[in-house]
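Peer 1: using only what follows, build the 3D model:
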Amino acid sequence: MADVPPLKMTPDALNAFMLRAFPASDEATIGKVMEAEPGRVLICRPYHDSTLRPGGVISGPTMMGLADMAAYSLVLAHIGEVAMAVTTSLTIHFLRACKPGDLYAEGVMLKLGRRIATCEVTMWTESRERAASKATVAYAIPDGPAA
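Peer 2: Take a look at the predicted model:
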């Protein structure tokens, strides 16, 4: 994405905010921001048996949740702590079975507008080259100061 603004939040700040914003969660359930740079974040959700579906693969709801968290983190990294930025759409394509393992999500900003941010999120366990799913996520950005 051209003309990506500088980040307003670091990975540590994003992780601390997520734990405050979702007090019933922890890194094992929402993941951890590993990297953040203008236009991109990398998130890892540690493997746990609870993420499996019948057939022994990572479940769709687990991947959808991580895609949403990656997009939220990416948007907040650029706009700051705006808790009420909310998902307006999430479309996901499951490309192959997602084998058990730490689940990674790379979020890339497609467009950061004044009111809507659109991100693409690729997820994998084996390697980035063997993506298990790809999502497009849009976030509404509220007016006014950070909430």
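Peer 1: so what's the residue lying closest to Glu27 once chain neighbours are set aside up against?
Peer 2: Closest residue to Glu27 apart from its sequence neighbours, by C-beta to C-beta, 6 or more residues apart in numbering: Pro46 at 6.9 Å. Using the backbone N, CA and C atoms, a C-beta is placed for each residue, glycine as well. Contact analysis of Pro46 by C-beta atoms under 8 Å, 6 or more residues apart in numbering lists 27-28, 31-32, 102.
Peer 1: who's in contact with the worst-scoring helix or strand of the chain on mean pLDDT?
Peer 2: Lowest on mean pLDDT, DSSP states H and E among the helices and strands of the chain sits helix 27-30, with a mean of 84. For helix 27-30, contacts defined as C-beta under 8 Å, 6+ apart pick out 15, 18-19, 22, 45-46, 48, 65, 69.
Peer 1: from these, which single one is nearest Val4?
Peer 2: Comparing the contacts of helix 27-30 against Val4 with C-beta to C-beta picks out Met69 as the nearest, at 20.1 Å.
Peer 1: can you get me a residue count around the closest one?
Peer 2: When counting by other C-beta atoms under 10 Å, one arrives at 26 neighbours for Met69.
Peer 1: again with the one 5 residues further on
Peer 2: The criterion is other C-beta under 10 Å. On that basis, Leu74 has 31 neighbouring residues.
Peer 1: flag the shaky bits of this protein, pLDDT-wise.
Peer 2: For the chain, applying pLDDT under 70 flags the ranges 1-2, 144-147.
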